[in-house]
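Undergrad: Quick one: sequence plus predicted model below, questions after.
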Amino acid sequence: MTAPECPEIPKVTPEHGIDEQSIQEQKRFELELSERSFLAGPRSRFTDLGTLFKVSWDFMKAFRVLHFVGPCVTIFGSARVQAGTTYYEMARKMGARIAEMGFTVMTGGGPGIMEAGNRGAFEQGGRSIGVNIALPFEQKGNPYVDREVTMHYFFTRKTVLVKYSYAFIVMPGGAGTLDEMFETMTLIQTGKIRNFPIVLMGKDYWQPLVDFLYKMADEGMISPDDPELIFFTDDVDDAANHIQRHAVRQFGLRKKFLPSSIPALGEKNLVK
């Protein structure tokens, strides 16, 4: 049995009299088709080799853009949260507090909670980074980032969101937020990364999840101490103090001079 062939994509350009909206729709279709092809099972060796180059380029682009971002704290959360709501303002205050501590605030670069976290840091005069994702439907970056990189693959993006951070703030969100939180927790469980603090904020929203974590521990599905990897609070100062104890002191973070950048490699210091 062989895998079905992907359909041929007709190319359209402005010279063909096609409007800009149609061209954007074609680009979204091409992106969606390439993702489905990648996850559709075995393909030709040359096609898979091309994918390896695309994955490598995704990482290389991010590594060059973000080489000088400094110690970060990543804020995860929903893109659907509206400005002015309780969770938006909580994330905004948390972003400002993280910036006060001297960290760079890193988010997924989109709207909602991500915008709120970047906005808090930006308004505080701190450093603010967005790691966006290319989607079949466009996710526009928010205007509160000092630097942004757009990734093609979700798994490369998640790696970058973890790579530069010493703590993780998890605000209310959906499947993507759960994916990010549990992958980070799994990396800590298995020793792939060090015991960085994870702060879960939004008690009313997350309480059933916290209860389920303790149920998993009671059932022997995770270690009895694993739920303690997560600090559960709605208080910005409590969250900041937890990060101070378990990231700043634990890892001996301190301000230092940054090495010189190499513009030819796309590097640029991010100093404020």
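TA: Noted; the coordinates are in hand. Numbering: from 1, shown residues only.
Undergrad: Mind jotting down where the helices sit in the stretch 151-272 of the chain?
TA: 154-163, 175-189, 203-218, 236-243 (DSSP state H, counting those that start in this stretch).
Undergrad: elements contacting the longest one?
TA: I take that to be helix 203-218. strand 198-201, strand 230-233 (3 or more Cβ pairs under 8 Å, 6 or more residues apart in numbering; DSSP states H and E). C-beta here means a position set from N, CA and C on the backbone, and glycine is covered the same way.
Undergrad: and the last one, what does it pack onto?
TA: For strand 230-233, the helices and strands in contact under the criterion 3+ Cβ pairs under 8 Å, 6+ apart are strand 198-201, helix 203-218, helix 236-243.
Undergrad: Who does the first one pair with, and is each partner parallel or antiparallel?
TA: According to DSSP bridges, strand 198-201 has the following sheet partners: strand 165-170 (parallel), strand 230-233 (parallel).
Undergrad: Out of these, which one sits most buried?
TA: strand 165-170 (a mean of 25; mean count of other Cβ atoms under 10 Å).
Undergrad: OK, contacts around residue 224?
TA: residue 217 (Cβ atoms under 8 Å, 6 or more residues apart in numbering).
Undergrad: Give me the mean pLDDT for the lengthiest helix in the chain.
TA: Assignment by DSSP state H gives helix 45-65 as the longest helix of the chain. On average, the pLDDT along helix 45-65 is 91.
Undergrad: between it and helix 154-163, how many degrees?
TA: If you take axes from the mean of the first three to the mean of the last three Cα atoms, to 10 degrees, helix 45-65 sits at 30 degrees to helix 154-163.
Undergrad: So which elements touch helix 45-65?
TA: strand 147-151, helix 154-163.
Undergrad: Dump these to a markdown table, plus mean neighbour count and mean pLDDT.
TA: Shown next, in a markdown table, are these (neighbours: other Cβ atoms under 10 Å; pLDDT from 0 to 100):
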| stretch | mean neighbour count | mean pLDDT |
| --- | --- | --- |
| strand 147-151 | 19 | 94 |
| helix 154-163 | 19 | 95 |
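Undergrad: To residue 191, which of these lies closest?
TA: When the helices and strands packed on helix 45-65 are compared by Cβ to Cβ, helix 154-163 sits nearest residue 191, at 14.0 Å.
Undergrad: now the closest one, how far from the centre of its chain.
TA: 6 Å (Cα atoms, centre = their mean, to the nearest Å).
Undergrad: give the contact list for the closest residue to residue 205 other than its chain neighbours.
TA: Distances taken as Cβ to Cβ, 6 or more residues apart in numbering put residue 172 closest to residue 205, at 4.2 Å, once the chain neighbours are dropped. Residue 172 makes contact with 77-78, 81, 87, 113, 201-202, 205-206 under the criterion Cβ under 8 Å, 6+ apart.
Undergrad: Residue 172 and residue 127: what is the separation?
TA: 25 Å (Cβ to Cβ, to the nearest Å).
Undergrad: residue ranges of the helices in the stretch 1-150 of the chain, please?
TA: Taking DSSP H, counting those that start in this stretch as the criterion, the stretch 1-150 of the chain carries its helices at 20-38, 45-65, 86-100, 113-124.
Undergrad: What is the nearest of the contacts of residue 172 to residue 165?
TA: For the contacts of residue 172, the nearest to residue 165 is residue 77 (14.4 Å; Cβ to Cβ).
Undergrad: I'd guessed the closest one sits against residue 171; true?
TA: Yes. Between residue 77 and residue 171 there is a contact under Cβ atoms under 8 Å: 3.3 Å.
Undergrad: Between these two, which has more neighbouring residues?
TA: Set residue 77 next to residue 171 and count neighbours by other Cβ atoms under 10 Å: residue 77 wins out with 32 against 27.
Undergrad: where's the more buried one relative to residue 38, distance?
TA: The value you get for residue 77 to residue 38, if Cβ to Cβ is used, is 27 Å.
Undergrad: What sits closest to residue 185 if chain neighbours are left out?
TA: In space, and not counting its chain neighbours, residue 185 is closest to residue 229: 5.9 Å by Cβ to Cβ, 6+ apart.
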